[in-house]
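Trainee: how does the following fold in three dimensions:
(one chain, ligands or ions: 1)
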Amino acid sequence: MNVDKVVLAYSGGLDTSVMVVWIKEKYDAEVYTLTLDLGQREDLKEIERRAYDIGSKRHFSMDVKEEFVERFINPAIKANALYEGKYPLSTALGRPLIAEELVKVARRVGADAVAHGSTGKGNDQVRFDVSIRALDPSLKVLAPVRDWGLSRDEELEYARGHGIPVPGERSKYSIDQNLWGRSIESGPLEDPYSEPGPDVYEWVTPPEKAPDEPEYLTMTFSKGLPVAIDGERLSPVDLIERVNAAAGRNGIGLIDHIEDRLVGIKSREVYECPAAVTIIEAHEELEKLTLTAHELEVKRMLEDRWSRLVYDGLWLEPLREHIDAFIDSTQRYVEGDVRMKLYKGSHSVVGRRSRLSIYKQSLSTYARESTFDQRMAVGFIELWGLQTVTADDVRRTEGR
Ligand code: ARG
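Mentor: The predicted structure is shown next:
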């Protein structure tokens, strides 16, 4: 393959650092680097310095947190998005945004290729490759880690041989983080029977060390999205950071499960997603108060489909937009307050209220004030069971 100018999604870690040098050497191409701030809590200035040190032609650094929340996290909240019922898709949601920015920078500098650091065994390669192709089929896509076939030791040797600074102590884990969560995999976690050690978690206090007093938090929703905490209106980014901190210090958001990757592999995945699990729980509970049973039933089916599309790298699949249109239509009615109790690893909804509540105490109460006429139930049950009772009678009579 022939490439002249490459824009690389640069994280500042060893893999993508080696890539800068490797691409230059292999293709004799200019390498531009791009780092986005998705809320990964890293020093972008330091990453920029590193990029220039190893020979980036020009480095681009951008804070896209707000866009990440508005265009990617918010739809995930409305969709109660949890892949296989557990994973809030934090890594998966970030990839299409990175792909988009790669393509934009490629156009800006006139590059003919873009590059990312995914391996050939995971979902991220699919998310990057599909999104980049969907946005600009003329761009070539390089995934050096997938191609170079270097073991970890060979990679270290390559780095040392080419003057690439190697971190003194290389993490045992492969980590990806953004505002919506922290994904940790590999190393000792590959044994699915062994409990994650204390060095795995960084955002969440172990539940046994969390405060002994519960913390209450009231989340106000408008059109399906959280807009205030304890009565204080916050920007979308600040709100998520606030919930990450509150839930994190109370031991909430640890996820440890076996996940089915798109490429067929089962893998043991560990996450810290304090804000994501807390906000989704609150949102889901408010929907139960404000949406009809029929709306909820169809929405649950589509939520599952939505999560799968996003997990499987099909953010740009038109079906996703159609599902979003349905979901947005339901979210017009999802507003109100949800009161949560955060305590030593558990996050429970203890109160909910809404002007648009379909729950009516006058109907559900067993007290004398009830407005529900119980005599109506008799005729209803007669019709409801009509076919079942008839079919059982016919088949019994015929001995079948
Ligand atoms: N299994 C998750 C996903 O496919 C997380 C991947 C995290 N990547 C990482 N480098 N640790 O979305």
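
Trainee: quick one: the helices in the stretch 151-300 of the chain?
Mentor: 152-161, 236-249, 274-290, 293-311 (DSSP state H, counting those that start in this stretch).

Trainee: what's the closest of those to the ligand?
Mentor: The ligand lies closest to helix 293-311 among these, at 6.6 Å (Cβ to the nearest ligand atom). The C-beta positions use only the backbone N, C-alpha and C, and glycine is treated the same way.

Trainee: angle of that closest one against helix 274-290?
Mentor: 160 degrees (axes from the mean of the first three to the mean of the last three Cα atoms, to 10 degrees).

Trainee: what about the closest residue in space to Ala246 that isn't next to it in sequence, neighbour count?
Mentor: Nearest residue to Ala246, sequence neighbours excluded (Cβ to Cβ, 6 or more residues apart in numbering): Leu217, at 5.8 Å. Neighbourhood size, Leu217 [other Cβ atoms under 10 Å]: 19.

Trainee: and Pro196, by the same measure?
Mentor: Other residues near Pro196 come to 15 when the count uses other Cβ under 10 Å.

Trainee: tell me the contacts of it?
Mentor: By Cβ atoms under 8 Å, 6 or more residues apart in numbering, Pro196 lies in contact with 184, 188-189, 256, 270.

Trainee: can you give the distance of stretch 324-340 from its chain's centre?
Mentor: Remark: stretch 324-340 is offset 19 Å from the chain centroid, using Cα atoms, centre = their mean, to the nearest Å.

Trainee: cool, stretch 95-106 as well?
Mentor: Worked out by Cα atoms, centre = their mean, stretch 95-106 lies 18 Å from the chain centre.

Trainee: quick check: buried residues in that stretch?
Mentor: 95-103, 105-106 (16 or more other Cβ atoms under 10 Å).

Trainee: list, one by one, the residues from the protein near the ligand.
Mentor: 91-92, 122-123, 174-176, 183, 185, 259, 269 (Cβ under 6 Å from any ligand atom).

Trainee: quick one: which of the residues you listed sit in strands?
Mentor: Among the residues of the chain next to the ligand, the ones falling in strands (DSSP state E) are 174-176, 183, 185, 259, 269.

Trainee: closest one of those residues to Tyr311?
Mentor: In terms of Cβ to Cβ, no member of those lies closer to Tyr311 than Glu259, at 9.0 Å.

Trainee: the one residue in the stretch 251-400 of the chain that gets nearest to the ligand bridge partners, please.
Mentor: The minimum distance from the stretch 251-400 of the chain to the ligand, using Cβ to the nearest ligand atom, falls at Glu269 (4.8 Å). Per DSSP bridges, the residues bridged to Glu269 are His257.

Trainee: against Arg50, how distant is it?
Mentor: Distance, Glu269 to Arg50, using Cβ to Cβ, to the nearest Å: 28 Å.

Trainee: which one (most neighbours) among the residues of the chain next to the ligand?
Mentor: That'd be Ala92 among the residues of the chain next to the ligand, by other Cβ under 10 Å, with 26 neighbours.

Trainee: which residues are in contact with that one?
Mentor: Ala92 neighbours (Cβ under 8 Å, 6+ apart): 83, 123, 127, 310-311, 313.

Trainee: swap in 7 Å and give it another go.
Mentor: By Cβ atoms under 7 Å, 6 or more residues apart in numbering, Ala92 lies in contact with 123, 127, 310-311.

Trainee: how about His162?
Mentor: By Cβ under 7 Å, 6+ apart, the contact list for His162 reads Val21.

Trainee: could you report the pLDDT at it?
Mentor: pLDDT recorded at His162 is 95.

Trainee: can you check Glu382 too?
Mentor: On the pLDDT scale, Glu382 is placed at 97.

Trainee: now name the helix or strand holding it.
Mentor: Glu382 is part of helix 376-384 when elements are defined by DSSP states H and E.

Trainee: I'd like the average pLDDT over stretch 87-106.
Mentor: Averaged over stretch 87-106, pLDDT sits at 98.

Trainee: ditto for stretch 46-60
Mentor: Rounded mean pLDDT across stretch 46-60 is 97.

Trainee: same thing with stretch 175-186?
Mentor: The average pLDDT for stretch 175-186 rounds to 97.

Trainee: what's the angle from the strand or helix carrying Arg108 to helix 293-311?
Mentor: Assigned by DSSP H and E, Arg108 belongs to helix 90-109. Here the directions of helix 90-109 and helix 293-311 differ by 50 degrees (the same axes, to 10 degrees).

Trainee: dump helix 90-109 to PDB, keeping only the CA atoms.
Mentor: Taking C-alpha atoms only, helix 90-109 is exported to PDB below (Å, rounded to 0.1, in the frame of the first residue of the first chain):
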ATOM      1  CA  SER A  90     -18.600   3.800  27.300                       C
ATOM      2  CA  THR A  91     -15.800   2.800  25.000                       C
ATOM      3  CA  ALA A  92     -18.100   2.000  22.100                       C
ATOM      4  CA  LEU A  93     -19.800   5.500  22.200                       C
ATOM      5  CA  GLY A  94     -16.400   7.300  21.900                       C
ATOM      6  CA  ARG A  95     -15.200   5.500  18.800                       C
ATOM      7  CA  PRO A  96     -17.500   7.000  16.100                       C
ATOM      8  CA  LEU A  97     -16.700  10.500  17.400                       C
ATOM      9  CA  ILE A  98     -12.900   9.800  17.200                       C
ATOM     10  CA  ALA A  99     -13.500   8.400  13.700                       C
ATOM     11  CA  GLU A 100     -15.300  11.600  12.700                       C
ATOM     12  CA  GLU A 101     -12.600  13.900  14.000                       C
ATOM     13  CA  LEU A 102      -9.900  11.800  12.300                       C
ATOM     14  CA  VAL A 103     -11.700  12.200   9.000                       C
ATOM     15  CA  LYS A 104     -12.000  16.000   9.500                       C
ATOM     16  CA  VAL A 105      -8.300  16.500  10.300                       C
ATOM     17  CA  ALA A 106      -7.400  14.200   7.300                       C
ATOM     18  CA  ARG A 107      -9.300  16.600   5.000                       C
ATOM     19  CA  ARG A 108      -7.800  19.600   6.600                       C
ATOM     20  CA  VAL A 109      -4.200  18.500   6.100                       C
END
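
Trainee: that'll do, ta.
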